[in-house]
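just a sequence and a predicted model for now, questions to come.
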Amino acid sequence: MATTQTETRLVGVLSREKAATEKEPVRISICGIEVPSVCADKVPPLNDMWRTAEKDDPAAAVAPRITHDFDPTAEFKGVDANIANPSVVSSSTYTPSPNWANSSQTAGAQSHLIDLAQEIASQVTEATYGNEPARLKVATAALELAAVIRPPSDTMMALFANMSIVSAIRVFQHWGVFDLISSDLEGITCCELARNIGAEEGIVARISNILTSSRILSLTADGGLSHTPTSLLLRSSEPMAAMFELMYTNIVQVSFILPSYFDTYGRKEPVGPSHVPATVSTGEPELEYFESVARNEERMRRFTKAMGVSVGRVPVTGMYPLERVLSTDDTDGRVTWVDVGGGGGHVLRRFREEYPVLRKGRCVVVDLGCVVDEGRVAAASGEVMKGVEWVEGDFMREIPVKGARFYYLRHILRDYSDSVATLILRNVARAMSRDSRVLVSEQLNPDGGGRTGRPMPLYAAFKDYSMLAIGGKERSLDQFRRIGDGAGLRVEGVYRDSKGTGHGIVEFVLGS
Ligand SMILES: C[S@@+](CC[C@H](N)C(=O)[O-])C[C@H]1O[C@@H](n2cnc3c(N)ncnc32)[C@H](O)[C@@H]1O
């Protein structure tokens, strides 16, 4: 196995003292911290660790291996939907079962742990200085390390703790607690909080406990509650609070009916656009998801607000080389840009800020009536969105703007099954002229999904799972190619985010 660049860099971080005899412990220190009890005969030379691991422990051969060159599909962003903060559940009282203990003590498993620790140690300095790919690597390796070292029943306990955290956040959100805690360090006592929301102090204290122990909230020196950077995101004015409500509805609430949904509709992917788990769960199966959301103005407003989260988390610009592709002809009276399902115009705003040339051309946001009405009003102030046209339209039926240079669809096709996504693309194709391009901006899952023998990055898998409720799915490039084919479109280019978020843009043109 060849020495990788990273392993060469590790020499400065990881030091290995030669054992006097083969059976004596080898002392390994990572950043000056000694890793104890590693026997010489169990620790192969660095470069051979994986080969040995695979030989000693066949299970390790298929374990997800830490890739030293950054894996662009490994978006994690420090979020782990299934594995709770390892500090939440203490294993101090746990007696590991013999099977777990044996398997975790094999040379293969130890090597894997050491690999993970090396990964963390080698990246931690850069991660703390704001290097995003390094931060992702450290977060991914730390979570995996916790998952590998934790006995199975701790894993289950952590899962239950996660459920409790989610439930407690929901109750506090409903009571407006996150808005009542001041954002300075002073905090608020449970007694004061209870008085403000008309609750009993005892129940406020119990719910607070799960949120302070999971570090969602913080405790002041005199036992009051104060904000953490995470809980600040849960104040009602924050897009993340709206996103939490959305995820709670689409994952937790929908899970109540999901087993019976599959009993009724068959054990298969929802076809949609109506009769999807989310509309079945609200007792409106005949509605499409967005019809159901749009029936309630406040719900629609919160949905649009939640969409603001993804603008911060996954890139909008910087992937597609618009400045190279766009010429002055494109902005000369012609519609340059149609943001199909563009919501409140938050994404178009980013593009116009980044590429002033777009401000010269005609830009149109097409969305449902109530959404464009709000967007038009919100965009009225300020220079960047001046001149943007807001057009009501239903992409399931027709794209009302014809012959534009670009049709841009961000986070649209993922809301739908393959047959519905193909229908939407076919409607876009009908509106296009020969030189039009379609830019689909979405998560690009690894081809083959989780069926390649290597698990999908958890973040990607969780996003895909969360789309199930509304009848949607995340796709790989192959899957995009297939729905494009069905709509008479050909993939012309693929532009992946270089920062490892897994997001990308697929460019389509009219097929032959
Ligand atoms: C998931 S959001 C994506 C918003 C935005 N493109 C973004 O990336 O944040 C889906 C958008 O599609 C709009 N939409 C849903 N159904 C639609 C339809 N039939 N015709 C037009 N727009 C629709 C919604 O109102 C919403 O703004």
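Received the coordinates, thanks. Remember, predicted model here, so these are calculated numbers, not experimental data.

who does the strand or helix carrying I505 pair up with?
If you go by DSSP states H and E, I505 is part of strand 503-510. Strand 503-510 has its sheet partners listed here by DSSP bridges as strand 437-445 (antiparallel), strand 489-496 (antiparallel).

neighbouring contacts of the last one?
I take that to be strand 489-496. Applying CB atoms under 8 Å, 6 or more residues apart in numbering, the contact partners of strand 489-496 are 72, 319-321, 425, 428-429, 437-438, 444, 477, 480-481, 484, 503-512. For every residue, glycine as well, the C-beta is placed using N, CA and C.

roughly how far is that strand from the heart of the chain?
23 Å (CA atoms, centre = their mean, to the nearest Å).

let me see the mean pLDDT of that strand.
Averaged across strand 489-496, the pLDDT comes to 96.

so for D184, which of the strands paired with strand 503-510 sits nearest?
Using CB to CB as the measure, strand 437-445 is the one of those that comes nearest D184, at 37.6 Å.

is stretch 474-482 anywhere near the ligand?
No: Stretch 474-482 lies out of reach of the ligand by CB under 6 Å from any ligand atom, never closer than 12.5 Å.

for that stretch, list every residue counted as buried.
If you call a residue buried by 16 or more other CB atoms under 10 Å, then stretch 474-482 has these buried ones: 474-477, 479-481.

what pLDDT, on average, does it get?
95.

follow-up on the earlier one: check the offset of the strand holding I505 from the chain's centre.
Here the centre of strand 503-510 is set off from its chain's centre by 20 Å, with CA atoms, centre = their mean.

same deal with stretch 332-346?
Distance, centroid of stretch 332-346 to centroid of chain: 26 Å (CA atoms, centre = their mean).

could I get the full set of strands for this protein?
Listed in chain order, the strands of the chain (DSSP state E) span residues 14-17, 25-30, 33-39, 217-219, 225-227, 335-340, 362-367, 389-392, 406-410, 437-445, 475-476, 489-496, 503-510.

let me have those in a markdown table, extended by distance to E298.
Supplementary listing: the strands of the chain in a markdown table, determined by distance: least, CB to CB, whole Å:
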| stretch | distance to E298 |
| --- | --- |
| strand 14-17 | 55 |
| strand 25-30 | 51 |
| strand 33-39 | 52 |
| strand 217-219 | 26 |
| strand 225-227 | 25 |
| strand 335-340 | 24 |
| strand 362-367 | 17 |
| strand 389-392 | 20 |
| strand 406-410 | 24 |
| strand 437-445 | 27 |
| strand 475-476 | 31 |
| strand 489-496 | 37 |
| strand 503-510 | 29 |
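
sorry, back to before: what's the most buried one of the strands paired with strand 503-510?
Counting by mean count of other CB atoms under 10 Å, strand 437-445 has the highest mean neighbour count of these, with a mean of 24.

please see if that one touches the ligand.
No: interface with the ligand: strand 437-445 contributes nothing (CB under 6 Å from any ligand atom), its closest point being 7.2 Å away.

check contacts around the one residue in the stretch 251-400 of the chain that gets nearest to the ligand.
Here the stretch 251-400 of the chain gets closest to the ligand at one residue, G341, 3.0 Å apart by CB to the nearest ligand atom. Contact analysis of G341 by CB under 8 Å, 6+ apart lists 366-367, 395, 409-412.

mind running it again at 7 Å?
367, 395, 409, 412 (CB atoms under 7 Å, 6 or more residues apart in numbering).

rewinding a little: which one of the strands paired with strand 503-510 lies nearest to D154?
strand 437-445 (29.7 Å).

from the middle of its chain, how far away would the closest one be?
That offset, for strand 437-445, works out to 16 Å (CA atoms, centre = their mean).

between it and strand 335-340, how big is the angle?
In terms of direction (axes from the mean of the first three to the mean of the last three CA atoms, to 10 degrees), strand 437-445 departs from strand 335-340 by 40 degrees.

could I get strand 437-445 in CSV with only the CA atoms?
C-alpha atoms of strand 437-445 as CSV (Å, rounded to 0.1, in the frame of the first residue of the first chain):
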residue,chain,number,x,y,z
ARG,A,437,-30.2,25.2,-20.6
VAL,A,438,-31.7,23.6,-17.5
LEU,A,439,-29.7,23.8,-14.3
VAL,A,440,-30.8,21.3,-11.6
SER,A,441,-29.2,22.1,-8.3
GLU,A,442,-29.5,19.3,-5.8
GLN,A,443,-27.7,16.8,-3.6
LEU,A,444,-25.8,14.3,-5.9
ASN,A,445,-25.8,10.9,-4.2
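
make 587 the starting number, not 1.
Yep, numbering from 587; the last one is strand 1023-1031 now.

mean confidence score for it?
Strand 1023-1031 comes out at a mean pLDDT of 95.

and stretch 849-865, by the same measure?
Mean per-residue pLDDT for stretch 849-865: 96.

can you measure across it, start residue to end residue?
16 Å (CA to CA, to the nearest Å).

got a list of contacts for it?
836, 840, 843-844, 847, 871-875, 878, 982, 1002-1003, 1005-1006, 1054-1057, 1059.

how about 6 Å then?
Stretch 849-865 has contacts (CB atoms under 6 Å, 6 or more residues apart in numbering) with 836, 840, 844, 847, 871-875, 878, 1002-1003, 1006, 1055-1057.

the most centrally placed residue in the chain and V900, how far apart?
What sits nearest the mean C-alpha location of the chain, by CA atoms, centre = their mean, is Y1045, with 4.9 Å. From Y1045 across to V900, the span is 11 Å (CB to CB, to the nearest Å).

now swap in E1028 and tell me
9 Å.

which stretches of the stretch 687-836 of the chain have low pLDDT?
Filtered on pLDDT under 70, the stretch 687-836 of the chain yields the residue ranges 687-691, 771.

where does it get nearest to the ligand, which residue?
Closest point on the stretch 687-836 of the chain to the ligand, by CB to the nearest ligand atom, is L832, at 9.8 Å.
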